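>>> Provided below are the primary sequence and the corresponding predicted coordinates.
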Amino acid sequence: MGSVRVLVGTRKGAFILTSGEARQEWEVAGPFFPGWEIYHVNGSPVNPDRLYASQSTSWFGQLIQRSDDGGKTWEPVSNDFHYATDAGNHQWYDGTPHPWEFARVWHLEPSRSCPDTVYAGVEDAALFRSTDAGQSWEELPGLRTHTTGMEWAPGAGGLCLHTIEIDPRDEKKMVIAISAAGAFRTDDGGETWTAINKGLHSEWTPDPDAEVGHCVHNIAMHPKNPDVLFMQKHWDVMRSDNGGALWTEISGNLPSDFGFPIEVHPHEPETVYVVPIKSDSEHFVPEGKLRVYRSRTGGNDWEALTNGLPQEHCYVNILRDAMASDTLDSAGIYFGTTGGQVYVSPDSGDTWQAIVHDLPAVLSVEVQTLP
C-alpha cells in the first residue's frame, strides 16, 4: 500500500496533486506562489515532508522556497547565489565573450542521504550546494572552471544546468547536463569534472564531434544500474553503458528523435520513456498526436503509448523536467504539458488519464511515493 504526491511547477505557480495507491481520485492543492514562474519543485528522498521550490520572475528575481510539512506551508530561504571565483567568460551565441551572470535556478536535487543537503543547477551554468536546507549556498567551482568552460554557449533556453543525477552508491559521484555545453561527471564531490560527450554528434556546431558544445536536453539514471545512462539530446536519443564514457544512438523507430524529457521505469532498468516532438523549430507533437514512446529493450525498438491521450488536434510540448515516475508496485508514469494538463499512467504507460486540465504551462513534474 502507499500513496503519491505529485509536485508540479508551472509558469504561474506550483500545484500539489495527491492520491492513493489506485491513482484514480486526486486532490489538487494550489496554486502556491501564484503568478510566479516555478521552474522546479522537488522533495527530499530522506524526509518526505521536506520540499523545495525554485521561484522566479524577471521583475523580482530568484527565490528558493522550502516546506517542512509536505507543502502545506512554505517559507523563503536564501537566494544568495554568488559565483565563488572569476572564471573569465563563456561564449555568447555569436561566439563572442560573455561574462558569467546568475539568472535563475533551473533544477533542485535533494541529497539521497542527508535531509539538509540539496544541490541547485543554475543559469549561467554552475552547480551550487546547500548543507543547511537552503539557508546558505556555495558554488562547486570546479565545474565552471573546467578547461572547456570558456567554450560553453547558451542554448535557446539559456546556458542552463538543468540535470543533476546523483549516483546512489556514492554521493560524491554525479552526472550533470548543460545546454548547450554537454554532459559532465564528477567522482570527487564536484572538485573536478570530466566532459563525457564522446559519441555525441551535433551537426550545427563548427566541429560536430567536439568535446563540448552539445545541447543535451536531459539524462536519466536508474538507481539499480547507475552506470547505464539514457540521454535525450537536441536531435538523437542516446545510451551509455559505462557512465558516459561513450554514447551510442538508440533513436531506432521513433517518429522524431527530437524531444526534451527521458525517464526510466523505476523497477525495470531497460524500460525507457520519451515524448518526441516534431522538430527544434516546431515544438509540438508530430501529426497532432500526443504519444509517449516506450522501449522495453533499452532503446532502438519503441512502441507508441496512446490509450487515453488525445490523438488529433493536439499541439503541446513536454519540457525537460516535466516527466517522472513513482515507485509503487504497479509503477506510475507522469508528465505535464505546455497546455496545462498533467497525465498519469498507473500501469507503466499502457493506459493514461488526465489528473488535471487547464493549469498554466507545466515546467516540471516530480513524484514522491509515500507510505
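That came through, no problem.

>>> Contact partners for Gly2?
Glu21, Leu328, Thr369, Leu370, Pro371 (CB atoms under 8 Å, 6 or more residues apart in numbering). C-beta coordinates here come from the backbone N, C-alpha and C atoms, glycine included.

>>> Just the ones of these in helices?
In helices, judged by DSSP state H, none of those are found.

>>> These into TSV, with extra columns for distance to Trp59, pLDDT and neighbour count?
Shown next, in TSV, are the contacts of Gly2 (distance: CB to CB, whole Å; pLDDT from 0 to 100; neighbours: other CB atoms under 10 Å):
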residue	distance to Trp59	pLDDT	neighbour count
Glu21	42	95	16
Leu328	41	97	21
Thr369	37	96	18
Leu370	36	95	16
Pro371	41	89	6
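
>>> And those residues, which is closest to Trp100?
Distance to Trp100 across those (CB to CB) is lowest for Thr369, with 37.8 Å.

>>> Pipe the contacts of Gly2 into CSV and attach distance to Asn89 per row.
Shown next, in CSV, are the contacts of Gly2 (distance: CB to CB, whole Å):
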residue, distance to Asn89
Glu21, 52
Leu328, 48
Thr369, 43
Leu370, 46
Pro371, 49
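
>>> Nearest to Asp86 among these?
Closest approach to Asp86 among the contacts of Gly2 (CB to CB): Thr369, at 43.0 Å.

>>> Specify the beta-bridge partners of the closest one.
With DSSP bridges as the criterion, Thr369 is bridged to Val4.

>>> circling back to that earlier point, and the contacts of Gly2, which is closest to Lys233?
Thr369 (29.0 Å).

>>> does the closest one really touch Asp326, like I thought?
Yes - using CB atoms under 8 Å, Thr369 makes contact with Asp326 at a distance of 4.7 Å.

>>> what touches both of those two?
Val4.

>>> Give me the pLDDT value at the residue lying farthest from the centre of the chain.
Most distant residue from the mean C-alpha position of the chain: Thr96, 28.6 Å away (CA atoms, centre = their mean). Reading off the confidence values, Thr96 has pLDDT 95.

>>> What about Ser345, how many residues nearby?
Residues lying near Ser345 (other CB atoms under 10 Å) number 25.

>>> Now do the contacts for it.
Val292, Leu305, Gly308, Gly332, Ile333, Tyr334, Thr351, Trp352, Gln353.

>>> Any regions of the chain where pLDDT drops low?
1 (pLDDT under 70).

>>> now the helices: where do they sit in it?
According to DSSP H, the chain contains no helices.

>>> ok, and the closest non-adjacent residue to the residue positioned nearest the centre of it?
By CA atoms, centre = their mean, the chain has its centre lying nearest to Asp321, at 3.4 Å. Excluding its sequence neighbours, the residue lying closest to Asp321 (CB to CB, 6 or more residues apart in numbering) is Ser364, at 3.9 Å.
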